[in-house]
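>>> Quick one, fold the following:
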Amino acid sequence: MSDTDPMEAATRRLAQALEALEAATERRCEADRADGALAKQLHVLGSDRARLANQLDEATARARTLETAHREVAQRIDQAIETIRGVLEFGN
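Next up, the predicted model:
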C-alpha cells in the first residue's frame, strides 16, 4: 500500500499540473485572439483616420477655393457699386 500512495500522489500532481498547463494554454489562446481582434480594430481605425484626413484635406482645399472666389466676387461687387455711384453722380 505504501508503494501505491506515492504513485497515486504523483499521478494526482501530474494531472493537476496538466490541468494548470491546459488552463494557461487556453488563457494564452484567448489573449492571442483578443490581440488579433485589437490589431484588426487598430487597422480599421487607421484606415478610417487616413480616409478622414484625406476628406479634411479636400474640404480645406475647397474652402480655400471658395474663400478666393468670395473675395473676387466681393471685389467685383465693390467695383460695380463704385461704377453705379459714378454714373449716378455724373447724372446729377
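>>> Low-confidence bits of this protein, can you list those?
By pLDDT under 70, the weakly predicted segments of the chain are 1-3.
>>> can you give me the helices in it?
4-91 (DSSP state H).
>>> Could I get the contacting residues of the residue positioned nearest the centre of the chain?
Centroid check for the chain by Cα atoms, centre = their mean gives residue 45 as the closest residue, at 2.8 Å. Listed by Cβ atoms under 8 Å, 6 or more residues apart in numbering, residue 45 has no contact partners. Placement of C-beta: from N, CA and C, glycine included.
>>> Could you measure from it over to residue 33?
According to Cβ to Cβ, to the nearest Å, residue 45 stands 19 Å off from residue 33.
>>> got it, and residue 22?
According to Cβ to Cβ, residue 22 and residue 33 sit 17 Å apart.
>>> repeat for residue 47
21 Å.
>>> now residue 89
82 Å.
>>> Then residue 10?
35 Å.
>>> just residue 61 next, same as before
Where residue 33 is concerned, residue 61 sits at a distance of 42 Å (Cβ to Cβ).
>>> now do residue 27
The value you get for residue 27 to residue 33, if Cβ to Cβ is used, is 11 Å.
>>> repeat for residue 42
15 Å.
>>> can you check residue 86 too?
Taken as Cβ to Cβ, the span from residue 86 to residue 33 is 79 Å.
>>> Measure how buried residue 22 is and give me the count.
10 (other Cβ atoms under 10 Å).
>>> can you check residue 77 too?
For residue 77, using other Cβ under 10 Å, the count is 10.
>>> Count the residues that sit near residue 32.
10.
>>> Please report how far it lies from residue 8.
Residue 32 is 36 Å from residue 8, by Cβ to Cβ.
>>> repeat for residue 30
On the measure of Cβ to Cβ, residue 30 and residue 8 end up 33 Å apart.
>>> again, but for residue 54
69 Å.
>>> what about residue 62, how many neighbours?
Neighbours around residue 62, by other Cβ under 10 Å: 10.
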